[in-house]
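> kindly generate the corresponding structure for this input.
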Amino acid sequence: MIFHQLLNEEAGCLSYLLGCARTGEALVIDPGRDRLDEYVRLARRKGVRIVGVIDTHTHADHVSGHRDLAALVGAPVYLHRAARAAFDHEPLEDGRELRLGDVVVQVLHTPGHTPDSICLLVTDRARGAAPWFVLTGDTLFVGDVGRPDLGGAAAAGDLYESLRRVLLALDDSVEVYPAHGAGSLCGRAMSSKTMSTIGFERRFNPALRIERREEFVAWLMAGLPPKPPSFETIVAKNRGLLPLVSAKPRPWSAREVAEAVRTGALVVDVRDPAAFGEGHVPGALNVWIESPQFADRVGWFVPAGAPVILVAAGPSDLERALASLARVGVDPVVGFLERGMVDWRSEGLPLETVPQLTVYALAEWLEERRDVVVVDVREPFEWREGHIEGALHLPMLEAVRRAAELPPDRPKAVLCAGGLRSSTVISALKRLGIGGWYNVTGGMTAWVKAGYPVRR
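Now for the predicted structure:
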């Protein structure tokens with residue numbers, strides 16, 4: 001058997017190539033739209049041809065590459081019939097077996113995360129008759145389970161039944177390979193490990209240690225992170241209800257960008273926070289291309305339908321940004337600022353800045369009791385592990401919705417773990433007309449390393 005896991009570290013997405021060396025046939029499971037060439041090259045290196053493409057469910061965090069890859073290699077797309085996809089595909093049902101020589105892939109319908117969620121139980125008959133591993137999609141993660149917010153409490157109940165009836169019925173030795181890992185928006189506390197076993201999850205996964213259905217539903221529904229605004233659009237694209245669009249941006253002059261901004265375009269500046277802070281296009285959103293979850297963060301803050309113009313440090317960053325944004329359905333990228341901020345400055349157009357503040361300076365300000373509000377934009381679990389006394393907790397994904405909680409007329413020092421999310425939040429809130437910002441470089445990591453006190 002040929003088995004290869006492919007990790008997209010930026011998004012926490014996991015894809016798989018599974019096949020039989022004897023027959024030269026392979027399946028690709030949960031392909032990303034921005035990795036098509038990688039799957040084809042891998043299949044070529046392994047000496048197999050891709051004969052089918054499977055999605056374990058209708059993804060809501062990224063635009064799938066299932067149709068693009070299937071068209072590229074001339075293979076069918078397999079989906080559970082509950083996906084109700086509007087394009088040609090091969091419908092799957094519970095219990096169906098797909099055979100690739102000695103490899104048998106059994107479809108296990110596990111509704112909960114989505115109505116069409118499936119797991120794929122894999123047996124290598126050349127190795128033995130017992131199942132070897134299961135591809136769990138977004139039903140079971142390492143250390144977590146899929147979020148049910150697409151279907152609410154009813155979906156959480158379905159997930160409980162699927163976990164108990166299907167996955168926990170498997171032998172403890174069966175290996176677990178999920179569709180997402182740490183860094184994905186599809187769970188809450190996923191491990192950075194990319195595989196596990198049924199036995200390990202049975203023992204250590206908090207969700208699987210809850211015996212009663214009612215307690216499981218209450219636990220799973222409590223404290224769900226906000227649902228990204230692009231979820232519905234991405235689902236519609238993956239079901240074929242909205243067209244797949246590839247951005248075809250062109251270079252824009254500084255004057256063209258300035259005029260486009262006046263008429264509703266959004267500038268997304270993918271430079272690092274320090275460069276952004278030194279000078280940027282007024283109203284620009286800052287998400288550094290090297291940020292974890294880069295595309296997801298952009299997709300969260302870009303208004304629906306707004307034309308997007310990119311500002312980058314160089315051509316390679318532009319290419320990476322375009323590929324990543326296409327994966328999350330941010331299609332209306334109409335252009336990029338030619339020659340970057342050099343062109344903008346040479347035209348004498350207005351600049352905005354964000355002062356960068358070290359943790360040492362912030363500590364001095366607090367000791368001197370200067371008028372400054374510390375705003376912590378990390379996730380709740382990070383906040384609980386330790387935060388600055390008196391800080392206002394405003395998680396990044398809730399910042400715009402809760403902007404009214406900020407004092408508009410006081411200086412605000414914003415920090416996260418390292419200074420990336422804080423710059424993004426500042427840029428998003430500046431677009432609302434709120435001023436008085438300082439970005440704390442190094443964030444809580446630098447604060448703790450410097451030995452300053454934290455409250456837990």
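> use CA for all of it now, contacts and neighbours both
OK.
> may I have the longest helix seen in the chain exported as CSV, CA atoms only?
Longest helix of the chain, by residue count under DSSP state H: helix 315-327. This file holds the C-alpha atoms of helix 315-327, laid out as CSV (Å, rounded to 0.1, in the frame of the first residue of the first chain):
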residue,chain,number,x,y,z
PRO,A,315,6.6,39.4,-6.3
SER,A,316,7.0,36.1,-4.4
ASP,A,317,4.8,37.3,-1.6
LEU,A,318,2.2,38.4,-4.1
GLU,A,319,2.1,34.9,-5.7
ARG,A,320,1.8,33.2,-2.3
ALA,A,321,-1.0,35.6,-1.2
LEU,A,322,-3.0,35.0,-4.3
ALA,A,323,-2.8,31.2,-4.1
SER,A,324,-3.7,31.3,-0.4
LEU,A,325,-6.6,33.6,-0.8
ALA,A,326,-8.0,31.5,-3.7
ARG,A,327,-8.1,28.6,-1.2
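> can you list the residues that contact that helix?
32-34, 62-64, 246-247, 270, 289, 294-295, 298-299, 310-312, 331, 333 (Cα atoms under 8 Å, 6 or more residues apart in numbering).
> tell me how the protein divides into domains.
Annotated domains of the chain cover 2-221, 245-346, 356-449 [automatic domain parsing].
> for K237, which of those is the nearest?
domain 2-221 (6.8 Å; Cα to Cα).
> roughly how far does the residue nearest to G335 when sequence neighbours are not counted sit from V308?
Using Cα to Cα, 6 or more residues apart in numbering and skipping the chain neighbours, the partner closest in space to G335 is P249 (4.0 Å). For P249, the distance to V308 equals 9 Å [Cα to Cα, to the nearest Å].
> can you redo the domains of the chain as CSV with mean neighbour count and distance to P229?
CSV is the format used below for the domains of the chain (neighbours: other Cα atoms under 10 Å; distance: least, Cα to Cα, whole Å):
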stretch, mean neighbour count, distance to P229
domain 2-221, 20, 10
domain 245-346, 19, 6
domain 356-449, 18, 10
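> in JSON lines, list those domains along with mean pLDDT.
Written out in JSON lines, the entries for the domains of the chain read as follows (pLDDT from 0 to 100):
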{"stretch": "domain 2-221", "mean pLDDT": "93"}
{"stretch": "domain 245-346", "mean pLDDT": "92"}
{"stretch": "domain 356-449", "mean pLDDT": "96"}
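> please convert those to TSV, extending it with distance to F231.
Shown next, in TSV, are the domains of the chain (distance: least, Cα to Cα, whole Å):
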stretch	distance to F231
domain 2-221	5
domain 245-346	9
domain 356-449	14
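> can you work out which residues contact both of P249 and V308?
Common neighbours of P249 and V308, counting by Cα under 8 Å, 6+ apart, are 333-335.
> picking that back up, just checking, what packs against the next helix or strand after the longest helix of the chain?
Sequence order places strand 333-337 as the next helix or strand after helix 315-327, per DSSP states H and E. Helices and strands touching strand 333-337, by 3 or more Cα pairs under 8 Å, 6 or more residues apart in numbering; DSSP states H and E, are strand 250-252, strand 308-311.
> quick check: angle from the helix or strand following the shortest one to strand 333-337?
Using DSSP H and E, the helix or strand that directly follows strand 250-252 along the chain is helix 254-262. Between the axis of helix 254-262 and that of strand 333-337 there is an angle of 140 degrees, by axes from the mean of the first three to the mean of the last three Cα atoms, to 10 degrees.
> follow-up on the earlier one: so which of the domains of the chain gets nearest S230?
Taking Cα to Cα as the criterion, domain 245-346 is the member of these that comes nearest to S230, at 6.5 Å.
> end-to-end on that closest one?
OK, domain 245-346 end separation, Cα to Cα: 34 Å.
> just stretch 227-235 next, same as before
13 Å.
> next one: stretch 367-374
13 Å.
> pLDDT at T233, what is it?
T233 carries a pLDDT value of 85.
> quick one: contacts of the helix or strand hosting it?
For T233, the element it lies in under DSSP H and E is helix 231-238. Helix 231-238 has contacts (Cα under 8 Å, 6+ apart) with 58-64, 85, 242-244, 328-329.
> how about 10 Å then?
Applying Cα atoms under 10 Å, 6 or more residues apart in numbering, the external contacts of helix 231-238 come out as 55, 57-67, 83, 85-87, 150, 240-245, 299-300, 304, 327-330.
> relative orientation of the longest helix of the chain and strand 333-337 in degrees?
Using the same axes, to 10 degrees: helix 315-327 against strand 333-337 is 160 degrees.
> next, the angle from helix 315-327 to helix 231-238.
With the same axes, to 10 degrees applied, the angle from helix 315-327 to helix 231-238 works out at 90 degrees.
> so what's the residue nearest to L18 when sequence neighbours are not counted up against?
Spatial nearest neighbour of L18, chain neighbours left out: F3 (4.6 Å); criterion: Cα to Cα, 6+ apart. Residues in contact with F3 (Cα under 10 Å, 6+ apart) are 16-20, 26-27, 46.
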